[in-house]
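> Sharing a model that was predicted from the sequence below.
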Amino acid sequence: MVTTFKQHLRKRLDACFAPREVIIRCNGRVSYLRLSSRSQMLGASILAGLSSMALATSLTLATNQIAVHGQDLAMRQSDQAYTGLLAEVDTYFRQFRDNAGGGQAGAARPFDADEASDTAGASQPGDVQMSLSAMRIAAPNVADERADSEGDARRALRVSLQQKLRSFDNDLQRIAARNQSLQEQVVSLSETVSGLRHSNEGLVKDNADLTKRLASRSMENGALAAELKAMRAQLANVQTQHDNDLAQISNLDGQIAALQANADNASQDKADLAQQVAQNERALATLVAQRAALQSTRADLSQSISGLKERLASLQENQAEFVASLAERTRSNMAEMEKTVEMTGLNIDKLLLKADDSRSGQGGPFIPAPSSTANDENEQKLMMSVATLDGEVGRWEKLQVILRSLPLTAPVDHYYISSSFGERVDPINGEKAIHEGVDMVGALRSEVLATAPGTVVFAGWQTGYGQVVEIDHGFGVHTFYAHLDQLAVKKGQTVDYRDILGLLGTTGRSSGPHVHYEVRYDNKPLDPMGFLKAGRYVFKG
C-alpha cells in the first residue's frame, strides 16, 4: 500500500514538475533556459517555506495578542477584587468605630471612605502595607483604653476583627505579589511583540520583493510563451507545406510509373497487332480457297434440295392425316369427360373459365417466327390441322385438371345412406327440415378419407356439427365432413386424394355414428350422390 502511494505521488510530481524549456530572445539571439524537475521543486519548496513562515508569524502574533488580552482581563479582575476588599475593610472599621463611640472615632480611625477610594485608585503595594500596619497598631490601642468598659462582647468583637485583618493582610500580600508577576509578564510580552513586529516587517518586505520578482518573471514568461506560440504556429505551417510537397511528389511519381506502364503496354500491343495482321493475311488466303470449294458444293446441294422438297410434301400430307386422327380421338375422350362433369351437376363452361384463370400465366423471350413464302397446299392443310389439335388438347388438359379436383368418391369405404340430400324429417325433433348433404353410416372410429386433393380451410368444432373438416379443392368446390370422433389434420394443411382426415364418430347434434358429407360449389350445396354417380361412371364401378 505504501509503495503504491509513493509511486502515485511520484507520478503526480513528475506530471506537475515536468522539465520545461524557456526560450529567451534578446538582441536577435535566441537562447534556451532549461528548468529541470528538481529546480522547479526547489523553487516551489522555497515559496512554500516563505508562505509557511509568514503564516506562522501571523499565527504567533495572533496568539500573543490573545494572551495579552487575557492578562489584561486578569489584571482588571484583580483590581476589582482589591477594591472590593478595601470597601469591606472600610465597612468593618465603620462598625468598629460606631461600637467604640463617636468621641474618639476621629482620633483613632485608620482611614475613611475618601482614603479608601484614594488607596484603591493608587494600587501601590507600599501604601497598602502602611495602611495595614496603622490598622494593626490603632486597633489594640483603642481596645486597651476601652477594655474596662467593653466587657466580654467587646473582646470577642475585637478578636474577630483582628483575625479578619490578618486574613486581609495575607490576601493583600498575595495580590501584590501576583500583580508584580503580571507586570513582569506584560513587560516581557511587550518586548516579544516588539521583536515579532520587527521580524514581521522584515518578512513583509521580503515577501513584497519576492512578489515583485515573481510578477516580473511572470511577465517575461508571458512574453516568451507568446513568442513560443508564434514560432510553433510558423513551424506547423512549414510542416504542412512540407507534407503537401511530399504528397505532390508522391503523386508525380505515381503518374510517371503509370506513363511508363502505358508505354510498355503500347509496345506490347504493337507487337500483338503485327502478329494479328500476319495471321489475318494467312486466314484470308484460306477463306479464298474455301470460297471456291463452297461454290462447287453449292451446285451439288441445289440438286439435293429439289429431292428433299418432294419428300417434305409427302411427309406433310402424312402428318396432316395423323393430326386429324389424333384430334378426332381427343374429341371423343373429351366428350366422355364432359359427360362425367355434367353428371355432377356442375356447369362445365364456368369450370373451364376458372381453369383458364388459374392457367393464364405465360411469358418467355420474344423470338420472331421465320417468314414463310411457301404456298404449298399440303403445308397449309398441316398447319390448320395442328392449330385445331392444339385447341382440342388444351380443352382436354383443362378437363383433366378439373376431374382431378372433383370429389368423385365416398369419404368412407363401407357405408350406407341413412339420410339423403334435400328435404327430410329431422331425426332429433321430428320436424320438417332441409338436409344439405348425405349421412353415411359406418363403423365407429373408422377412417374418414379425403375425396379429392385440396387444402384444409377449417378443422375444429362447429355448433350442431361437432368435429368438422372442410377442404377447398379449387374451382370453387368445397367438401364438408362432420360429426367426426377425432381429427387428423389441421387448418392450412395440404391433403392428397384418400388421405385420412379423422375418425367416424357421433359428435355434435347426432343420433348415432355416421359422417355428414357435403359438396358445395361457390358456397351453394350440391347433391353428393351426383358426384358419386359420376365417379362410378369414370371408374366403371
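Perfect, I can see it now.

> C-alpha from now on. contacts and neighbour counts both.
OK.

> which regions of the stretch 51-200 of the chain lie under the pLDDT threshold?
99-151, 153 (pLDDT under 70).

> Mind jotting down where the helices sit in it?
105-108, 113-122, 125-145, 147-150, 152-343 (DSSP state H, counting those that start in this stretch).

> quick one: which of those is nearest Lys490?
Evaluated over the helices of the stretch 51-200 of the chain, closeness to Lys490 peaks at helix 152-343, with 29.7 Å, by C-alpha to C-alpha.

> Domain boundaries for the chain, per the record?
48-227, 416-538 (automatic domain parsing).

> before we move on, the earlier item: can you tell which of the helices of the stretch 51-200 of the chain is closest to Thr63?
Between Thr63 and the helices of the stretch 51-200 of the chain, the shortest separation by C-alpha to C-alpha is 10.5 Å, and it involves helix 152-343.

> Show me the strands in the stretch 301-450 of the chain, by range?
Listed in chain order, the strands of the stretch 301-450 of the chain (DSSP state E, counting those that start in this stretch) span residues 416-419, 422-425, 432-435, 438-441, 447-449.

> before we move on, the earlier item: kindly reformat the helices of the stretch 51-200 of the chain as CSV containing mean neighbour count and distance to Asn523.
Listed next are the helices of the stretch 51-200 of the chain as CSV, based on neighbours: other C-alpha atoms under 10 Å; distance: least, C-alpha to C-alpha, whole Å:
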stretch, mean neighbour count, distance to Asn523
helix 105-108, 14, 153
helix 113-122, 14, 137
helix 125-145, 14, 141
helix 147-150, 12, 155
helix 152-343, 13, 18
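
> any residues touching stretch 439-453, and which ones?
With contacts defined as C-alpha atoms under 8 Å, 6 or more residues apart in numbering, stretch 439-453 is touched by 404-412, 414-420, 473, 485-486, 494-505, 513-517.

> what comes up buried for it?
By neighbour count with 16 or more other C-alpha atoms under 10 Å, stretch 439-453 contains the buried residues 439-442, 444-453.

> re earlier: tell me the buried residues within the contacts of stretch 439-453.
Among the contacts of stretch 439-453, those scoring as buried are 405-412, 419-420, 473, 485-486, 495, 498-505, 513-517 (criterion: 16+ other C-alpha under 10 Å).

> re the thing from before, and the buried residues of stretch 439-453, which two are the farthest apart?
The widest separation within the buried residues of stretch 439-453, taken as C-alpha to C-alpha, falls between Leu444 and Pro453 and amounts to 24.6 Å.

> Just give me the neighbour total for Tyr465.
The tally of other residues near Tyr465 (other C-alpha atoms under 10 Å) stands at 19.

> Just confirm it contacts Asp485, I think it does.
No - with contacts defined as C-alpha atoms under 8 Å, Tyr465 does not count as touching Asp485, sitting 11.1 Å away.

> okay, and the common contacts of those two?
A shared contact of Tyr465 and Asp485, defined by C-alpha under 8 Å, 6+ apart, is any residue touching both; here these are Thr507.

> for this structure, which strand is longest?
Secondary structure assigned by DSSP state E gives strand 477-487 as the longest strand of the chain.

> Can you list the strands that the very next helix or strand once past it pairs with?
Per DSSP states H and E, strand 477-487 leads on to strand 494-495 as the next helix or strand towards the C-terminus. Pairing partners of strand 494-495, with direction, according to DSSP bridges: strand 454-462 (antiparallel).

> For the partner strand, buried residues please.
Taking 16+ other C-alpha under 10 Å as the basis for neighbour counts, the residues of strand 454-462 that come out buried are Gly454, Thr455, Val456, Phe458, Ala459, Gly460, Trp461.

> now that strand: mean pLDDT?
Summarised as a single mean, pLDDT over strand 454-462 is 97.

> Please name every helix or strand in contact with the helix or strand just after that strand.
The C-terminal neighbour of strand 454-462 among helices and strands, as given by DSSP H and E, is strand 466-472. For strand 466-472, the packing partners by 3 or more C-alpha pairs under 8 Å, 6 or more residues apart in numbering; DSSP states H and E come out as strand 454-462, strand 477-487.

> mind listing what's buried in stretch 470-481?
The neighbour-count check on stretch 470-481 (16+ other C-alpha under 10 Å) flags Glu470, Ile471, Asp472, His473, Gly474, Phe475, Val477, His478, Thr479, Phe480, Tyr481 as buried.

> who's in contact with the residue nearest to Glu431 when sequence neighbours are not counted?
Counting by C-alpha to C-alpha, 6 or more residues apart in numbering, Glu431 lies nearest to Val425, which is 5.4 Å off, once chain neighbours are set aside. Contact analysis of Val425 by C-alpha under 8 Å, 6+ apart lists Glu431, Lys432, Ala433.

> Can you tell me which of the residues you listed are buried?
Among the contacts of Val425, none counts as buried (16+ other C-alpha under 10 Å).

> Which one of these is nearest to Thr3?
Ala433 (104.0 Å).

> Go ahead and confirm the closest one touches Ser419.
No - the criterion here is C-alpha under 8 Å, and Ala433 misses it with Ser419 at 11.7 Å.

> Now for those two: what residues contact both?
Common neighbours of Ala433 and Ser419, counting by C-alpha under 8 Å, 6+ apart, are absent.

> before we move on, back to that, adding mean pLDDT and distance to Tyr82, write the strands of the stretch 301-450 of the chain out as JSON lines.
Below are these laid out as JSON lines (pLDDT from 0 to 100; distance: least, C-alpha to C-alpha, whole Å):
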{"stretch": "strand 416-419", "mean pLDDT": "95", "distance to Tyr82": "143"}
{"stretch": "strand 422-425", "mean pLDDT": "93", "distance to Tyr82": "142"}
{"stretch": "strand 432-435", "mean pLDDT": "94", "distance to Tyr82": "139"}
{"stretch": "strand 438-441", "mean pLDDT": "96", "distance to Tyr82": "139"}
{"stretch": "strand 447-449", "mean pLDDT": "97", "distance to Tyr82": "134"}
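
> Which of those strands sits closest to Glu88?
Put simply, out of the strands of the stretch 301-450 of the chain the one that sits nearest Glu88 is strand 447-449, at 137.6 Å, with distance taken as C-alpha to C-alpha.

> Which strands border that closest one, and is each parallel or antiparallel?
Applying DSSP bridges, strand 447-449 is found paired with strand 500-504 (antiparallel).

> Following element in sequence after the partner strand, please.
Next in sequence after strand 500-504, counting helices and strands by DSSP H and E, comes strand 515-521.

> Can you name every helix or strand that that following strand contacts?
For strand 515-521, the helices and strands in contact under the criterion 3+ C-alpha pairs under 8 Å, 6+ apart are strand 438-441, strand 477-487, strand 524-526, helix 528-538.

> Go through these and name the closest to Ser267.
Across the helices and strands packed on strand 515-521, closest to Ser267 is strand 477-487 (C-alpha to C-alpha), at 78.0 Å.

> Strand partners (parallel or antiparallel) of the closest one?
Using DSSP bridges, strand 477-487 pairs in its sheet with strand 466-472 (antiparallel), strand 500-504 (antiparallel), strand 515-521 (antiparallel).

> can you redo those strands as JSON lines with distance to Ala335 and mean pLDDT?
Formatted as JSON lines, the entries for the strands paired with strand 477-487 read as follows, by distance: least, C-alpha to C-alpha, whole Å; pLDDT from 0 to 100:
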{"stretch": "strand 466-472", "distance to Ala335": "27", "mean pLDDT": "97"}
{"stretch": "strand 500-504", "distance to Ala335": "33", "mean pLDDT": "97"}
{"stretch": "strand 515-521", "distance to Ala335": "22", "mean pLDDT": "96"}
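
> Mind putting the ones you listed into a markdown table with distance to Asp300?
Conversion of the strands paired with strand 477-487 to a markdown table gives the following (distance: least, C-alpha to C-alpha, whole Å):
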| stretch | distance to Asp300 |
| --- | --- |
| strand 466-472 | 66 |
| strand 500-504 | 71 |
| strand 515-521 | 68 |
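
> Okay then, goodbye and thanks.
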